[in-house]
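In: Got a predicted structure plus its sequence, pasted below:
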Amino acid sequence: MRHEPFLTLRKIAALAARLRSDERGVVIILFAAALPVVLTLFLVLVDHTRGVTARTNLQNSLDAATLYVAKSNLTSSSEIQALGLRVLNANQQASGSPSVSSARFTLSPDLRVTGTASMDVPVTISSLVGRASLTVNTLAEVARSSNNIEVGIALDITGSMSGTPLAQMKTAAKELVDLIVKDQQTPHYSKVALVPYSNAVNYGTLAGDARGTLSNGRCDTPGCQQYRFYNASGNRQTYDASTCVTERIGTAAYTDAAPNLATTRLGRHYIGARSGDANLCISSSILPLSTNRTALKNSIDAYAAAGSTAGHIGLASAWYMVSPNFGYLWGDAASRPAAYGTRELIKVVILMTDGEFNTAHADGVLSNDSGFGNNDLQINKNATNGSSHNQALSLCSAIKQQGIILYTVGFNLNSQNARNLMQTCATSTTHAYLPSGGTALRDAFRAIAQEINSLRISR
């Protein structure tokens, strides 16, 4: 295809050949005067075409790179930038275009990946006035697919966590909350529920709804405000009901059936005036699903270490936090978990402990076969459901069967039995963490948060 400027010049030359000599002189003068203009227009056209071609190639490369980043599982800013730049330059090379050094890829709170890129294109006309290149800029944006996230976290605040371990756990847990709960809660939300536990779990004002209302007075069978029984030493004891709950028994023991029937109520919890550390009701209570990071972190800050380790009760309650069957119990609509199987929804349970699960109950009192306490504090019965360890195994199996992702964190565990439990309970061995020390605990919680965020954008 011929360029129009050359065609015009040839026409002028042919015309000039037919003119008289004096006329030719005029034409030559006119031609000489017009030639720089024509050449300039031609070179401008070349520069423009070069710029348009470079911008088109760069836009295509940037579109492909931004889409690639959006489809990845990455959430780290540095990793997103490195991947985007690598794919962008690979696309440029494939199209025969030069590499790009100025490009930026970012992920916004509403999960939009934005890519920007610029490059300098050599030009002819501009170089005559001191400018050797033309800068072209491009922009691309891709909305990432996403999921809603509901996370129930069971945190060990038993007596063995006193001092430095508790402080380390608080720091790590608050950072975990910050990493999971996002500023942007639309179009997809990210919520966390907290379950501090020791030998029982405190349901506070919701205890009556969870374990049923109690009759006034004193009874020789569980169900009254005061329960009279024989301890393992053979002495008569009277314990008062607390706002804590223990394991439930019967066919509902390892399910998340709504606690609205006599057969599905959570276990009662009775404590004596001299129960001490063996069977107290911890002051820190549950906090249902919330997007309020300040409230969640304030709750963690208030934790005080006390009691023994009934890890299975903490685990069960973390499950209840994300179970739709318990939703009515929490009152506030924002705290009610979505139904199982809801599109674009992921449910997660995290179980953290620092030791053996050594506490179980019978009739809401520390059982005689528990690995903690003594005969004066224990009821003269073995645990109704068996050991805390075995109960936890049954609960872990039921949780995973429901499609919930289960992470376990064994903090400073010395017992191989406890370490095995963490690895067996988790969704897989890669979902089990066994950190030693505060730094390792923070790293474990960070890794879990990153995996959860990856699930949020990749499933």
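Out: Cool, the structure landed.
In: Give me the pLDDT for residue 236.
Out: With respect to pLDDT, residue 236 has a value of 95.
In: is it in a bridge, and if so with what?
Out: Taking DSSP bridges as the rule, residue 236 bridges to residue 230.
In: Which segments of the protein make up each domain?
Out: 4-143, 148-458 (automatic domain parsing).
In: quick one, which of those domains is packed in tightest?
Out: Among the domains of the chain, domain 148-458 has the highest mean neighbour count (mean count of other CB atoms under 10 Å), at a mean of 20. For the C-beta atoms, the positions are set from N, CA and C on the backbone; glycine is no exception.
In: which one of the domains of the chain has the lowest average pLDDT?
Out: Among the domains of the chain, domain 4-143 scores lowest, with a mean of 72.
In: Which residues does stretch 372-389 contact?
Out: 199, 229-235, 247, 249, 253, 272, 275-276, 278-279, 308-313, 356-363, 365-370, 391, 417, 421 (CB atoms under 8 Å, 6 or more residues apart in numbering).
In: what about the strands in the stretch 201-350 of the chain?
Out: 201-202, 215-219, 224-230, 236-241, 244-245, 270-271, 287-290, 345-353 (DSSP state E, counting those that start in this stretch).
In: I'd like those written out as a markdown table, with distance to residue 65 added.
Out: As requested, the strands of the stretch 201-350 of the chain are exported to a markdown table (distance: least, CB to CB, whole Å):
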| stretch | distance to residue 65 |
| --- | --- |
| strand 201-202 | 49 |
| strand 215-219 | 69 |
| strand 224-230 | 67 |
| strand 236-241 | 62 |
| strand 244-245 | 53 |
| strand 270-271 | 62 |
| strand 287-290 | 37 |
| strand 345-353 | 27 |
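In: of all these, which lies closest to residue 163?
Out: Residue 163 lies closest, by CB to CB, to one member of the strands of the stretch 201-350 of the chain: strand 345-353, at 16.8 Å.
In: for that closest one, packing partners?
Out: With contacts taken as 3 or more CB pairs under 8 Å, 6 or more residues apart in numbering; DSSP states H and E, strand 345-353 sits against strand 148-156, helix 164-180, helix 311-322, strand 405-410, helix 416-425, helix 438-458.
In: out of those, which comes closest to residue 218?
Out: helix 311-322 (25.4 Å).
In: Now do the closest one: distance to the chain's middle.
Out: Distance of helix 311-322 from its chain centroid, counting by CA atoms, centre = their mean, to the nearest Å, is 19 Å.
In: quick one: terminal-to-terminal distance for stretch 295-313?
Out: 23 Å (CA to CA, to the nearest Å).
In: same question but for stretch 66-84, I mixed them up
Out: For stretch 66-84, the end-to-end distance is 6 Å (CA to CA).
In: ok, now stretch 408-419?
Out: End to end - CA to CA - stretch 408-419 spans 10 Å.
In: Helices of the chain, start to end?
Out: Taking DSSP state H as the criterion, the chain carries its helices at 4-17, 21-71, 77-94, 125-128, 164-180, 207-211, 293-301, 311-322, 388-401, 416-425, 438-458.
In: Can you add distance to residue 339 and give those back as a markdown table?
Out: Converted to a markdown table, the helices of the chain look like this (distance: least, CB to CB, whole Å):
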| stretch | distance to residue 339 |
| --- | --- |
| helix 4-17 | 68 |
| helix 21-71 | 28 |
| helix 77-94 | 33 |
| helix 125-128 | 63 |
| helix 164-180 | 21 |
| helix 207-211 | 20 |
| helix 293-301 | 24 |
| helix 311-322 | 11 |
| helix 388-401 | 16 |
| helix 416-425 | 25 |
| helix 438-458 | 19 |
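In: May I see the helices and strands packed on strand 345-353 arranged in CSV, with distance to residue 375 as well?
Out: Output for the helices and strands packed on strand 345-353, formatted as CSV (distance: least, CB to CB, whole Å):
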stretch, distance to residue 375
strand 148-156, 26
helix 164-180, 29
helix 311-322, 22
strand 405-410, 30
helix 416-425, 24
helix 438-458, 36
